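S.K.: what's the 3D shape of this:
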Amino acid sequence: MSFKKDEMLIMPAVDIKDGKCVQLVQGEPGSEMVKIDNPEKVAKHWEDLGAKNIHVIDLSGTIDGQTSFDVIKKILKEVSVPIQLGGGIRNMDYARQLLNLDIERLIIGTMGIQHPETITELSEEYGSDRIMISLDSKDNKVVIKGWQEKIDKSPSELSQEFKDHGAGSILFTNVDVEGLLGGFYTEPVENLKKSVDLPIVYSGGITTTDDLEKLNRSGVEGVVIGSALYTDKINLTEALKYQKRI
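M.R.: The predicted structure follows:
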């Protein structure tokens, strides 16, 4: 499902670690606030509630380097809505292996930032609409390697560069607020939106439907909701009302 100007896609997050669906605090291993068996059933649950797109992150691949390929295939078999997928994509062979599955968008972080030519190559081979660059921000600087290493550029500074390399969209995660269920900061989102003409999907700190309203007004094309859904702070049916542009 391509992004639409009059819509802000609401995407439930299904994060996979050790074969389970989890939600971490600030991405720290061992901080699981949620741990559920059968991630494919979780993804199907969100689809059944009306989600038009599912956001899947392979945390085992990101943190441990052990990809969850079998679980990913189960999710793809279980659901019929489009999937955007990232996590643990460290080489071109694995990127191609995933793109050859029936996923809509591949989210590439560390590999793309360290080797921008991979974004160019994949976008030329599979189409830029299927290649999303992940710009994760901590203290307004991009972080890579599972948020463990900071580089001396902001998401806004890198955004146009990756458009030029062929990325078709951006996943912007504000690590400062990720998993804390305390809301988010509008300024970093607005700055990134002004810096580049690409669809932006926002993730991090979304806790209430007021947050969704603010993001809708910011013009982002998509929002990932994780912990707030799993802890019942946001009801997906209510959240989906914010898909239509205000």
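S.K.: what's near enough to touch the residue lying closest to G65 once chain neighbours are set aside?
M.R.: Nearest non-adjacent residue to G65, counting by C-beta to C-beta, 6 or more residues apart in numbering: G88, 6.7 Å away. (Each C-beta comes from the backbone N, C-alpha and C, glycine too.) Listed by C-beta atoms under 8 Å, 6 or more residues apart in numbering, the contact set of G88 reads D58, S60, G61, T62, G65, Q66, T67, S68, Y94.
S.K.: Give me the neighbour count for the nearest residue to G204 once chain neighbours are set aside.
M.R.: Excluding the flanking residues, the one nearest G204 by C-beta to C-beta, 6+ apart is N174, at 3.9 Å. Residues near N174, counting by other C-beta atoms under 10 Å, number 20.
S.K.: in this protein, which segments are predicted with low confidence?
M.R.: Applying pLDDT under 70 to the chain picks out residues 1, 25-33, 147, 177-182.
S.K.: Among the contacts of G88, which are located in strands?
M.R.: Judged by DSSP state E, those include D58 as members of strands.
S.K.: I only care about the contacts of G88 that end up buried; give me the PyMOL line for that.
M.R.: Buried members of the contacts of G88, defined by 16 or more other C-beta atoms under 10 Å, are picked up in PyMOL with:
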select buried, resi 58+60+61+62+67+68
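S.K.: For N174, grab phi and psi.
M.R.: Note on N174: its backbone torsions stand at phi -90, psi 100 [degrees, to the nearest 10].
S.K.: Across the sheet, point out what pairs with it.
M.R.: Taking DSSP bridges as the rule, N174 bridges to S137.
S.K.: Okay, the residue nearest to G65 and M111: tell me how far apart.
M.R.: To M111, G88 is 10 Å away according to C-beta to C-beta, to the nearest Å.
S.K.: What segments of the protein are strands?
M.R.: Going by DSSP E, the chain shows strands at 9-17, 20-23, 34-36, 54-58, 83-86, 105-108, 131-138, 141-144, 149-150, 169-174, 200-203, 222-225.
S.K.: so which of these gets nearest E161?
M.R.: Closest to E161 of the strands of the chain, according to C-beta to C-beta: strand 131-138, at 9.4 Å.
S.K.: circling back to that earlier point, columns distance to I144 on top of the contacts of G88, output as a markdown table?
M.R.: Formatted as a markdown table, the contacts of G88 follow (distance: C-beta to C-beta, whole Å):
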| residue | distance to I144 |
| --- | --- |
| D58 | 16 |
| S60 | 18 |
| G61 | 14 |
| T62 | 10 |
| G65 | 14 |
| Q66 | 19 |
| T67 | 18 |
| S68 | 20 |
| Y94 | 17 |
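S.K.: Please look at the residue nearest to G204 and F184 and confirm they touch.
M.R.: Yes - with contacts counted by C-beta atoms under 8 Å, N174 reaches F184, the gap being 6.1 Å.
S.K.: Give me the common contacts of the two.
M.R.: By C-beta under 8 Å, 6+ apart, N174 and F184 have these common neighbours: Y202, G204, G205.
S.K.: measure the first one to D18 for me?
M.R.: Summarising the geometry, the distance separating Y202 from D18, computed by C-beta to C-beta, is 27 Å.
S.K.: Compare those two and say which one has the larger neighbour count.
M.R.: Between Y202 and D18, Y202 has the larger neighbour count (other C-beta under 10 Å), namely 25 against 14.
S.K.: Skipping its backbone neighbours, what lies nearest the more buried one in space?
M.R.: Distance criterion C-beta to C-beta, 6+ apart; nearest residue to Y202, sequence neighbours excluded, is V220 at 4.8 Å.
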